[in-house]
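Peer 1: need coordinates for the following:
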Amino acid sequence: MRQAFAAALATLRDAGAAIAPLETDLDFSQVQPMHRRIMAVETAAVHREDYGRNPKAFGPLLRRLLDEGLGISGVDYAAALAQLREYKRRAATLPESVDALIVPSTHTTAPPTLATLTGTSEFQAPWSCAGLPVVSIPCGLAADGMPAAVQLVARYHDEPRLLGIARWCESAFAFDNVPPIAK
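Peer 2: Residues are numbered from 1 along each chain as shown. Modelled structure (predicted):
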């Protein structure tokens, strides 16, 4: 994934993009636990009655999330919501001089089979929690032959500009490979 991301950045530079590192005071290490806590409690709140009546109707991963959410105290949930509000406030400070952030979509490529529909959320959660607009686009094939992707992240309410940037990046990547998918 690192090689694919580096190649994607090189492709965009060659196409005329000005790419520079950006320092931020966002604490990404706390996003996953905060996101998980909020998601678990809110999932449990929605499904509590059905889950109580028929837990076997839910798959094992969802049952684990529901059990986790039902076990989180209101105080811990409130603390996670306060942490989320502060995180969103800090995320709103993306400099005007930056058109968009470009970051990997995941730390791995797409799964080689359809058995797993998604990977981990650790690269998406920071932007989802912040409420920032994001577009994820394939940028090439990684060494394992599977697609690699980048995320483009913009400021609040900057979706039209972000979509234009994504269109330009897609054109620069010219990605049209279809990897073999094992069923």
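
Peer 1: contacting residues around the nearest residue to T120 once chain neighbours are set aside?
Peer 2: Of all residues not flanking T120 in the chain, T106 sits nearest, at 7.0 Å (CB to CB, 6 or more residues apart in numbering). (Each C-beta comes from the backbone N, C-alpha and C, glycine too.) Residues near T106 by CB atoms under 8 Å, 6 or more residues apart in numbering: M1, G119, T120, F123, Q124, A149.

Peer 1: then L132?
Peer 2: Counting by CB under 8 Å, 6+ apart, the residues that L132 touches are A91, L94, V153, A154, R155, Y156.

Peer 1: need the worst-confidence member of the residues you listed.
Peer 2: Ranked by pLDDT, those bottom out at L94, which has 78.

Peer 1: what residues does the residue nearest the centre of the chain make contact with?
Peer 2: Residue closest to the mean C-alpha point of the chain, counted by CA atoms, centre = their mean, is Q124 at 1.1 Å. Residues near Q124 by CB under 8 Å, 6+ apart: S105, T106, V134, S136, Q151.

Peer 1: quick check: the second one is in a strand.
Peer 2: No - applying DSSP: H, G, I helix; E, B strand; the rest coil, one finds T106 to be coil, outside a strand.

Peer 1: any weak-confidence spans in this protein?
Peer 2: Applying pLDDT under 70 to the chain flags residues 110-119, 178-183.

Peer 1: repeat that for 50
Peer 2: Residue ranges of the chain with pLDDT under 50: 183.

Peer 1: just give me the longest helix of it.
Peer 2: helix 31-53 (DSSP state H).

Peer 1: may I see the buried residues of that one?
Peer 2: For helix 31-53, the neighbour count (16 or more other CB atoms under 10 Å) marks 31, 34-41, 43-44, 47, 51 as buried.

Peer 1: distance to P21 for the residues you listed - can I get that in TSV?
Peer 2: Output for the buried residues of helix 31-53, formatted as TSV (distance: CB to CB, whole Å):
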residue	distance to P21
V31	20
M34	25
H35	25
R36	28
R37	30
I38	30
M39	30
A40	34
V41	36
T43	36
A44	39
H47	42
Y51	45
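
Peer 1: now for the residue sitting furthest away from the middle of the chain: which residues touch it?
Peer 2: Outermost residue of the chain with respect to the C-alpha centroid, by CA atoms, centre = their mean, is R53; its distance is 33.0 Å. Contact analysis of R53 by CB under 8 Å, 6+ apart lists nothing.

Peer 1: for L152, see how far away the nearest residue to D99 once chain neighbours are set aside is.
Peer 2: Closest residue in space to D99, ignoring its immediate chain neighbours: I165 at 5.9 Å, by CB to CB, 6+ apart. Look at I165 and L152: by CB to CB, to the nearest Å, they are 6 Å apart.

Peer 1: alright, calling it a day.
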